[in-house]
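Asks: Sharing a model that was predicted from the sequence below.
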Amino acid sequence: MSIVSHTILRPFGVNPSGTYHRRHAFRRSSVKATNRKESGSSKKPAAEESRLEVLYDDGFGAVTMKDYIEAVRVMTMQDHGGPPRWFCPVECGRPEVEKAPLLLFLPGIDGVGMELILHHKSLGRVFEVRCFHVPVNDRTPFEGLLRIVEEYVKYENALSPNRPIYITGDSFGGCLAISVAARNPETDLVLILVNPATSSAKASLQALLPFLETVPSNLPVIHPPLLRYLIGNPINMAMVSLQNILSPQETLQELSDSLTSMLPYVSELGAITRIETLVWQLKLLKSGAAYASSRLHAVQAEVLILASGTENLPPKGEADRLFKSVKNCKVRYFRNRGDRLHMEDGFNLLTVIKGANMYRRGRQRDSVMDFLPPTRCEFKRTFSEDFKLYHQLLSPVMLSTMKNGKIVRGLSGVPDKGPVLFVGYHQLLAIELSSLVEGFLREKKTIIRTAAHPVFFDGNYEMLRQELSLFDSFSMYGAAPVSPINMYKLFERNEFVLMYPGGVREALHRKGEAYKLFWPDQPEFVRMAARFGVTIIPFGCVGEDDFLEIILDYNDEKNIPYLRDGIKSFNEDFTGIRETVKGEDGNQVLHLPAVLPKVPGRLYFLFGKPIEMNGMDNVLKDRENANQVYLKIRSEVGSVVSYLKRKRSEDPYRSITRRRFYEATWGPSAQVPTFEP
């Protein structure tokens, strides 16, 4: 498959001779006019806006590195000079969300602009994508390239001033992105910097510059280290699209075939690129790095830095420096990947943006309205690879209650349509959350929006999220900061919402407090549920005592000076959480208890009989009636937990040993039996 087609947009900000001017040649682009016309079509109410389906196919993984190399080869061979210009990759298609933001891609020093080819389809579903192309023989200096990009950003911002503009800069493109943001602090920009080359002066290849200047300028770039500089690590690139289900022998054969098929293209690219061009690129890179580094203090944009841990640049140290120098900055490390991060197997740029809570369509991010559902590819990666062992150990059992009171295995007792509010008990360290989310995605094809503590979203604690981790997965699968406004919006959109009235106090309970409810006397969610006719489902989950044992709890840690001071400092910015609630129910102290793992038992869920709030006007008008419903829900949750604690002793497969033996006999995909409800 060859993917080289794209819509070339007229050169923007330069005339044919390459000098800068202000004539908006792009203004007449038919593609742009069509997009503008469609975006102005009839508006829908917020609750009825077109949305992407849960587990939709984002097209990620359909393109290989052979497609990239073929595209680069064709673009380079057909490039007959001319100034730098923008193009729209046709495989991006049209966005499928309302008011999709604009994403501009600024390439590395090679200037091709096709480095996002693996991500074009997935990004094109939620962004309008434009890519910047600098012909191989172009000699526009850094300041000239900067003016071209800056002028286009100003033009787009004038057309849609309330729409954010994302700038994804790879290596040298990161220097351009930083410089544009520094010169335009009033423009709403979001920078995604992939191994930005702001430290390129320290790179090993720069040390070769004096030597390269003595080499005949017309020689082709055929030396392996120089080729690797231009195209990245060929082995990492060849791994793209290899299936995980292949045997080791089949994987080795596929990798060998992929590398072999890439060699002719790589050699051809090396022959096209001359030493003279490489010398110019290195000088351009040096000037760009110096310009950007001197203006970091002026950057007001949101910044997300994606840093690899190996290869040609020292990105971790540079990422740390940028994190400290830029005001509004986030970092995600990928320690075992190369510097061509977005061209390697398994890296999904859209997934990273979503996990870092960076996707928005207005000036402020709305955690409800801007949420993008997980894709089929993301679900497979999360639950069939990353969390596979975890869920094998937990082996969760899902039970639900039909309207007639009968308890059945599975989620058939749960409504198929929202709004639905799940109210339940929060297990130690919230170990139940991933199993709950996976269960609903597998059986109901529904995402549950979890009302979560602000620590999962607050920028003051970005240090907790610098590794691509559970925190990002939590956000990616629908978590939203707990607040009445967010709850209102979720119910208005008929969502499935998950709420833990016990909050942190239950999830971080003390020794001897397992399965004890810590619910405050605040039944406000009941009145809001009645207003929207929500179906409330009380539920319980047991199993934490089969997995974890608390060694040091909060009562122990607060008596240890070093730990006590750390807990106090960490919680200072969260004094508003339940500060009006007195007693133990309001003691929402964030800390990390010391625990020891136990030989795994099993995790059990039971979703109780639905409580229909539709038509309960007496709850809306009378606080006492609302409190009675609240107490009923709490009682139901307690009864469910007691039922599960009693019945799990009847499960013949509660032991992990018996479960593994059953799976070895019937296959890993077989559903392991449990007790009779």
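Replies: Perfect, thanks for sending it.
Asks: Measure how buried the closest residue to Phe347 other than its chain neighbours is and give me the count.
Replies: Excluding its sequence neighbours, the residue lying closest to Phe347 (Cβ to Cβ, 6 or more residues apart in numbering) is Leu341, at 5.7 Å. In short, each C-beta sits where N, CA and C put it, glycine included. Neighbour count of Leu341, defined by other Cβ atoms under 10 Å: 24.
Asks: Isn't Leu341 up against Ala319?
Replies: No. Between Leu341 and Ala319 there is no contact under Cβ atoms under 8 Å: 11.9 Å.
Asks: Any regions of the stretch 1-150 of the chain where pLDDT drops low?
Replies: Across the stretch 1-150 of the chain, the ranges flagged by pLDDT under 70 are 1-50, 80-81.
Asks: let's go with 80 and repeat that
Replies: Within the stretch 1-150 of the chain, the ranges that satisfy pLDDT under 80 run 1-51, 61, 64-66, 69-70, 72-74, 76-82.
Asks: now swap in the stretch 151-300 of the chain and tell me
Replies: Those would be 199-278, if you go by pLDDT under 80 across the stretch 151-300 of the chain.
Asks: Which parts of it are strands?
Replies: Here the stretch 151-300 of the chain has its strands, by DSSP state E, counting those that start in this stretch, at 165-170, 189-194.
Asks: TSV for those strands, including distance to Val423?
Replies: Formatted as TSV, these follow (distance: least, Cβ to Cβ, whole Å):
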stretch	distance to Val423
strand 165-170	37
strand 189-194	36
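Asks: Which of the ones you listed sits closest to Val279?
Replies: Within those, the stretch nearest Val279 is strand 165-170; the backing value is 20.6 Å (Cβ to Cβ).
Asks: Take the strands of the stretch 151-300 of the chain and lay them out in TSV including distance to Glu495 and mean neighbour count.
Replies: Converted to TSV, the strands of the stretch 151-300 of the chain look like this (distance: least, Cβ to Cβ, whole Å; neighbours: other Cβ atoms under 10 Å):
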stretch	distance to Glu495	mean neighbour count
strand 165-170	26	27
strand 189-194	26	26
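Asks: what about these, which gets the closest to Ala452?
Replies: Of all the strands of the stretch 151-300 of the chain, strand 189-194 sits nearest to Ala452, with 22.7 Å by Cβ to Cβ.
Asks: from memory Val303 sits against Leu193, does it?
Replies: Yes. Under the criterion of Cβ under 8 Å, Val303 makes contact with Leu193 at 6.6 Å.
Asks: Now the common contact residues for those two.
Replies: Common contacts of Val303 and Leu193 (Cβ atoms under 8 Å, 6 or more residues apart in numbering): Leu322.
Asks: got the contact list for stretch 368-379?
Replies: 46, 51-58, 60-61, 97, 122, 126, 348, 350-351, 354, 359-362, 382, 441, 447, 449, 476-478, 480, 486, 489-490, 493.
Asks: Quick check: pLDDT value at the residue nearest to Phe347.
Replies: pLDDT for Leu341: 86.
Asks: Kindly report the same for the one 5 residues further on.
Replies: For Gly346, the pLDDT comes out at 80.
Asks: tally of neighbours for the spatially closest residue to it that is not a sequence neighbour?
Replies: Among residues not flanking Gly346 along the chain, Arg381 sits closest, at 7.3 Å (Cβ to Cβ, 6+ apart). Arg381 has 20 neighbours, counted by other Cβ under 10 Å.
Asks: got a list of what Arg381 touches?
Replies: So Arg381 contacts Gly346, Asn348, Thr351 (Cβ under 8 Å, 6+ apart).
Asks: Am I right that the first one sits in a strand?
Replies: No. Using DSSP: H, G, I helix; E, B strand; the rest coil, the secondary structure at Gly346 is coil, not a strand.
Asks: Show the backbone phi and psi for it.
Replies: phi 80, psi -10 (degrees, to the nearest 10).
Asks: could you measure it against Val482, distance?
Replies: 32 Å (Cβ to Cβ, to the nearest Å).
Asks: same question, the second one
Replies: Here Asn348 is placed at a distance of 28 Å from Val482 (Cβ to Cβ).
Asks: The two - which one has more neighbours?
Replies: Asn348 (21 against 17).
Asks: Settle this for me: that one is touching Leu123, isn't it.
Replies: No. Judged on Cβ under 8 Å, Asn348 makes no contact with Leu123 at a distance of 9.7 Å.
Asks: how far is stretch 463-471 from where the chain is centred?
Replies: Its chain's average C-alpha position is 11 Å from that of stretch 463-471, according to Cα atoms, centre = their mean, to the nearest Å.
Asks: Any idea how far apart the tips of that stretch sit?
Replies: This stretch, stretch 463-471, spans 11 Å end to end (Cα to Cα, to the nearest Å).
Asks: Over to stretch 333-352?
Replies: Using Cα to Cα, the two ends of stretch 333-352 sit 11 Å apart.
Asks: ok, now stretch 51-65?
Replies: Across stretch 51-65, first to last residue, Cα to Cα, it's 31 Å.
Asks: in it, what's buried?
Replies: For stretch 51-65, the neighbour count (16 or more other Cβ atoms under 10 Å) marks Leu52, Val54, Leu55, Tyr56, Asp58, Gly59, Phe60, Gly61, Ala62, Val63, Thr64, Met65 as buried.
Asks: now swap in stretch 181-201 and tell me
Replies: Judged by neighbour count using 16+ other Cβ under 10 Å, the buried positions of stretch 181-201 are 181-182, 184, 187-200.
Asks: How about stretch 405-419?
Replies: Buried-residue list, stretch 405-419, by 16+ other Cβ under 10 Å: Ile407, Leu411, Gly413, Val414, Pro415, Gly418, Pro419.
Asks: next one: stretch 604-615
Replies: So for stretch 604-615, counting by 16+ other Cβ under 10 Å, buried means Tyr604, Phe605, Leu606, Phe607, Gly608, Lys609, Pro610, Ile611, Met613.
Asks: Then the second one would be within a strand, right?
Replies: Yes. Assignment of Phe605 by three-state DSSP places it within a strand.
Asks: Do I have it right that it meets Pro396?
Replies: Yes. Proximity of Phe605 to Pro396 meets the contact threshold set by Cβ under 8 Å, at 6.4 Å.
Asks: Can you list the residue ranges for helices in the stretch 151-300 of the chain?
Replies: Counting by DSSP state H, counting those that start in this stretch, the segments of the stretch 151-300 of the chain that form helices are 172-183, 209-214, 224-231, 234-238, 248-272, 275-293.
Asks: what does the first one rub up against?
Replies: Surrounding helix 172-183, the residues in contact under the criterion Cβ under 8 Å, 6+ apart are 105-109, 132, 142, 145-146, 149-150, 153, 167-169, 187, 189, 191, 193-198, 200, 281, 284-285, 288-289, 291-292, 295-296, 298-301, 303.
Asks: change it to 7 Å
Replies: 106-109, 145-146, 149-150, 153, 167, 169, 189, 191, 193-194, 196-198, 285, 288-289, 291-292, 295-296, 298-299, 301 (Cβ atoms under 7 Å, 6 or more residues apart in numbering).
Asks: Compute the distance between Leu603 and Phe547, please.
Replies: If you go by Cβ to Cβ, the gap between Leu603 and Phe547 works out to 8 Å.
Asks: if you count what's nearby, which of those two comes out ahead?
Replies: Per other Cβ under 10 Å, whichever of Leu603 and Phe547 has more neighbours is Leu603, with 25 against 20.
Asks: Please tell me how far that one sits from Phe60.
Replies: Leu603 is 31 Å from Phe60, by Cβ to Cβ.
Asks: cool, and Val129?
Replies: Distance, Val129 to Phe60, using Cβ to Cβ: 14 Å.
Asks: With Cys88 instead?
Replies: From Cys88 to Phe60 the distance is 19 Å (Cβ to Cβ).
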